[in-house]
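Novice: Provided below for reference: sequence and predicted model.
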Amino acid sequence: MAMPESAAVRGPARPPQFNVVMSEPDPKTGFRAFELGQFHFLRDDYFVHLSWPTPQGRLEHRMSADAFLRSLMRDVAWGFFYGWVNFDPMFGSRNLYGRVQFFAGRYHEAYHKAGLSYVEEFDSPFAMATCKAILRDWCSAGFDPFAAPEETGSTWAGPKNGDNIEAIERTRVATKRMPGMSGDSPLRDDLPVNRAFADVPQDDPVIEVEPGFEGKLHAINLFKYLSRSDVTWNPSVTSVCRESLFCPTTEEYILPIKHGNDRVEWFVQLTDEIEWEVEDKETGKPRARLLMRPGDVASMPADIRHQGFATKRSMLLVWENARMDLPKLYETGQLKPYPVEF
Ligand code: PHB
Ligand code: FE
């Protein structure tokens with residue numbers, strides 16, 4: 001069910017070069033407080049408290065700092081991603097590609113219907129600067145928001161204790177054609193094999209090229225490549241054919257965000273298992289649950305939000321279409337939200 005857009009409160013647009021607004025470090029916790037337009041962000045030992053204006057005064061919402069920072073890390077590393085990045089049922093961002101909306105309650109049916117939702121739009125570079133500043137200040141030493149809990153422990157909790165700048169400056173691997181080709185992204189053979197993938201064969205394919213085709217034919221052992229991934233829930237581009245992107249990823253614990261698709265995407269489960277919870281993109285009402293086993297293929301429609309769960313680290317191939325006109329085609333109904341009519 002679509003809800004009227006006019007019911008969301010819209011903040012003013014901000015000029016592009018607007019300084020990050022932050023407080024001095026809190027004497028008790030050591031963390032700074034931040035503002036992004038009318039949104040206020042504060043963290044303590046365990047929680048992030050965010051608030052926004054409503055006709056009935058400011059509303060405050062609380063998230064675990066762990067979940068908040070893992071979500072914020074994805075927004076930063078993915079440049080606000082495709083469509084909606086819901087940090088939880090209440091708060092998140094919507095990519096307008098050049099501009100970005102942050103929202104609270106907008107896609108929570110009860111809050112939105114009660115007139116308590118809030119949306120504010122920013123130039124992406126300005127919002128990104130604030131997001132990066134929050135991550136830098138709120139991730140203590142040892143906390144890697146891309147790592148599985150067994151790997152990074154409870155280093156996210158407690159008062160400020162140093163930082164982990166190196167970990168939070170990683171971005172999505174951007175490949176031009178395939179990793180390992182000359183001038184392209186590296187194979188990362190130097191990374192150790194992850195504990196969950198100790199049994200993955202590490203042999204490389206033999207490439208025999210006809211004279212004249214040198215540098216044009218390429219192959220990699222994708223399982224070897226993924227077995228050495230040092231991040232979770234971070235699809236990296238590993239083959240590019242025009243707008244068609246293969247984005248495999250290794251998944252352990254919980255996809256921190258609920259992604260609201262603005263296009264259809266395909267999942268191919270390469271190893272182990274992932275359980276997906278699929279909800280209506282607007283209201284959050286449950287639409288489907290699916291358990292994907294090795295070899296299973298699923299298409300995720302353009303009108304849903306979804307979140308994945310994996311007990312054992314698994315390999316997933318996300319197949320994306322990067323055409324920039326797709327969101328419009330789905331929004332205007334020129335394309336159905338699903339890829340196949342049975
Ligand atoms: C997705 O939203 O489609 C997605 C994002 C991150 C992943 C896997 C899937 O690791
Ligand atoms: Fe998605």
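Specialist: Yep, that arrived. Ligands and ions are numbered 1, 2, ... in the order given.

Novice: only C-alpha atoms for contact and neighbour calcs from this point on.
Specialist: OK.

Novice: please enumerate the strands of the stretch 1-150 of the chain.
Specialist: In the stretch 1-150 of the chain, the segments counted as strands under DSSP state E, counting those that start in this stretch are 9-10, 21-22, 34-36, 39-43, 47-54, 57-64, 84-86, 91-95, 99-104, 118-123.

Novice: which of those has the lowest mean pLDDT?
Specialist: When mean pLDDT is averaged over each of those, strand 9-10 scores lowest at a mean of 58.

Novice: one step back: looking at the strands of the stretch 1-150 of the chain, spot the one closest to ligand 1.
Specialist: Between ligand 1 and those, the shortest gap by C-alpha to the nearest ligand atom is with strand 84-86, which sits at 8.4 Å.

Novice: what domains does the record give for this structure?
Specialist: The record assigns the chain these domain ranges, following automatic domain parsing: 5-167, 173-331.

Novice: for ligand 1, find the nearest of those domains.
Specialist: Each of the domains of the chain has some distance to ligand 1 by C-alpha to the nearest ligand atom; the shortest is domain 173-331, at 3.2 Å.

Novice: just give me how far that closest one sits from the chain centre.
Specialist: In terms of C-alpha atoms, centre = their mean, to the nearest Å, the centre of domain 173-331 is set 13 Å apart from its chain centre.

Novice: Throw the domains of the chain into JSON lines and include mean neighbour count, thanks.
Specialist: As requested, those are arranged in JSON lines below (neighbours: other C-alpha atoms under 10 Å):
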{"stretch": "domain 5-167", "mean neighbour count": "19"}
{"stretch": "domain 173-331", "mean neighbour count": "17"}
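
Novice: now these as CSV including distance to Phe342?
Specialist: As requested, the domains of the chain are arranged in CSV below (distance: least, C-alpha to C-alpha, whole Å):
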stretch, distance to Phe342
domain 5-167, 26
domain 173-331, 13
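
Novice: can I get those domains in TSV including distance to ligand 1?
Specialist: Converted to TSV, the domains of the chain look like this (distance: least, C-alpha to the nearest ligand atom, whole Å):
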stretch	distance to ligand 1
domain 5-167	8
domain 173-331	3
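
Novice: nearest to Tyr338, out of those?
Specialist: The minimum distance between Tyr338 and those falls on domain 173-331, with 4.8 Å, by C-alpha to C-alpha.

Novice: quick one: end-to-end length of that closest one, please.
Specialist: Start to finish, the residues bounding domain 173-331 are 29 Å apart (C-alpha to C-alpha, to the nearest Å).

Novice: quick one, phi psi at the residue of the chain positioned farthest from its centre?
Specialist: Taking C-alpha atoms, centre = their mean, the residue of the chain most remote from its mean C-alpha position is Pro211, at 42.8 Å. With angles defined as degrees, to the nearest 10, Pro211 shows backbone torsions of phi -50, psi 140.

Novice: what ranges does the stretch 51-200 of the chain have for its helices?
Specialist: In chain order, the stretch 51-200 of the chain shows helices spanning 65-77, 109-113, 124-138, 149-152, 165-168, with DSSP state H, counting those that start in this stretch as the criterion.

Novice: in a markdown table: the ones you listed, plus distance to Leu291 and mean pLDDT.
Specialist: Formatted as a markdown table, these follow (distance: least, C-alpha to C-alpha, whole Å; pLDDT from 0 to 100):
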| stretch | distance to Leu291 | mean pLDDT |
| --- | --- | --- |
| helix 65-77 | 23 | 97 |
| helix 109-113 | 27 | 97 |
| helix 124-138 | 33 | 96 |
| helix 149-152 | 22 | 97 |
| helix 165-168 | 31 | 92 |
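
Novice: can I get those helices in JSON lines with distance to Arg43?
Specialist: Output for the helices of the stretch 51-200 of the chain, formatted as JSON lines (distance: least, C-alpha to C-alpha, whole Å):
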{"stretch": "helix 65-77", "distance to Arg43": "7"}
{"stretch": "helix 109-113", "distance to Arg43": "23"}
{"stretch": "helix 124-138", "distance to Arg43": "8"}
{"stretch": "helix 149-152", "distance to Arg43": "19"}
{"stretch": "helix 165-168", "distance to Arg43": "18"}
